[in-house]
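>>> got a structure for you, letters missing:
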């Protein structure tokens, strides 16, 4: 039987006894781009972190290709929010990308020429070859994000979690990211992306999860990303705009 990349059952997460996610259950099929959207404080980043065991769960089971994450780390790539990273850490772009190979090498084996060459190829894919020796603290926000994407590529995972990769990047980087996401999809990889820009959801993703502490809706974009479901997700924080008699182009007022 073919095992799904991600299955989550009855996952509940709380901060200081206040539930942030309630009874989350869903599964993700192989080879698609899934957008996770919802208002601030809806639990989008928490969902990813709890799935990866970075924060504790009150309850629930998470399976990566049928097994616990602790047994499947090599199959999972993670791009955290840029704001959660210590960019003053004294390391250069190439070293950051080579960190993506440690799961394959084991911590005690030093990366060699093959790893360095692969890391350079990954930097080339995000147009960052010229910055390989640059300290990460000296890179722009968009360049830092590209380096983290290159690290995820170097990992050669099957399932990727990306937490707001488009936030604070320039238009060229945004285009580079979406090109990369489509390339991963075409290779049969599965990518979950926490996303904030409702205007690009239909363009970027195959499926979408509308989240606000609970899953309001989850499925193919054309069926799920509707004015009705968005109103249920965002409530009064959403203004509906009509455009060419389309039911809605959405403006998130946050």
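Perfect, thanks for sending it. As the structure is a prediction and not an experimental result, all values here were calculated from the model.
>>> The spatially closest residue to residue 188 that is not a sequence neighbour is in what secondary structure piece?
Nearest residue to residue 188 in three dimensions, chain neighbours excluded: residue 31, at 4.6 Å (C-beta to C-beta, 6 or more residues apart in numbering). From N, CA and C alone the C-beta is placed, and that goes for glycine too. Using DSSP states H and E, residue 31 sits within no helix or strand.
>>> Residue 31: what's it in contact with?
Counting by C-beta atoms under 8 Å, 6 or more residues apart in numbering, residue 31 makes contact with 185, 188, 189, 190.
>>> quick one: pLDDT of it?
At residue 31, the pLDDT value in this model is 89.
>>> going forward can the numbers begin at 18, since that is how I track them
Sure, I'll start numbering at 18, so the last one becomes residue 48.
>>> Now do it against residue 199, distance only.
According to C-beta to C-beta, to the nearest Å, residue 48 stands 11 Å off from residue 199.
>>> next one: residue 135
For residue 135, the distance to residue 199 - C-beta to C-beta - is 21 Å.
>>> quick one, which of these two is more surrounded?
Legend: neighbour count by other C-beta atoms under 10 Å for residue 135 and residue 199, higher for residue 135 (19 against 13).
>>> check which helix or strand covers the nearest residue to the more buried one once chain neighbours are set aside.
With sequence-adjacent residues excluded and distances taken as C-beta to C-beta, 6+ apart, residue 135 is closest to residue 171, at 6.0 Å. Element membership for residue 171 (DSSP H and E) is helix 158-172.
>>> ok, residues contacting stretch 187-194?
So stretch 187-194 is in contact with 143, 144, 157, 159, 160, 162, 163, 166, 182, 183, 186, going by C-beta under 8 Å, 6+ apart.
>>> What is the neighbour count of residue 73?
Residues near residue 73, counting by other C-beta under 10 Å, number 9.
>>> Need the phi and psi values for it.
Backbone geometry at residue 73, expressed as degrees, to the nearest 10, gives phi -70, psi 150.
>>> I'd like to know how far it sits from residue 20.
Applying C-beta to C-beta, the value for residue 73 to residue 20 is 25 Å.
>>> now do residue 151
Residue 151 is 40 Å from residue 20, where distance means C-beta to C-beta.
>>> and those two? which has more neighbours close in?
Counted by other C-beta under 10 Å, residue 151 and residue 20 do not tie: residue 151 has more neighbours, with 15 against 11.
>>> wouldn't residue 87 be in contact with residue 70 here?
Yes: under the criterion of C-beta atoms under 8 Å, residue 87 makes contact with residue 70 at 7.0 Å.
>>> More neighbours: which of these two?
Using other C-beta under 10 Å, the more surrounded residue of residue 87 and residue 70 is residue 70, with 13 against 8.
>>> and that one, what is it in contact with?
Listed by C-beta under 8 Å, 6+ apart, the contact partners of residue 70 are 79, 86, 87.
>>> May I see the residues you listed organised as a markdown table, with secondary structure added?
Putting these into a markdown table (DSSP: H, G, I helix; E, B strand; the rest coil) gives the following:
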| residue | secondary structure |
| --- | --- |
| 79 | strand |
| 86 | helix |
| 87 | helix |
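>>> Would you format those as CSV with distance to residue 54 and pLDDT included?
Output for the contacts of residue 70, formatted as CSV (distance: C-beta to C-beta, whole Å; pLDDT from 0 to 100):
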residue, distance to residue 54, pLDDT
79, 21, 96
86, 23, 92
87, 29, 89
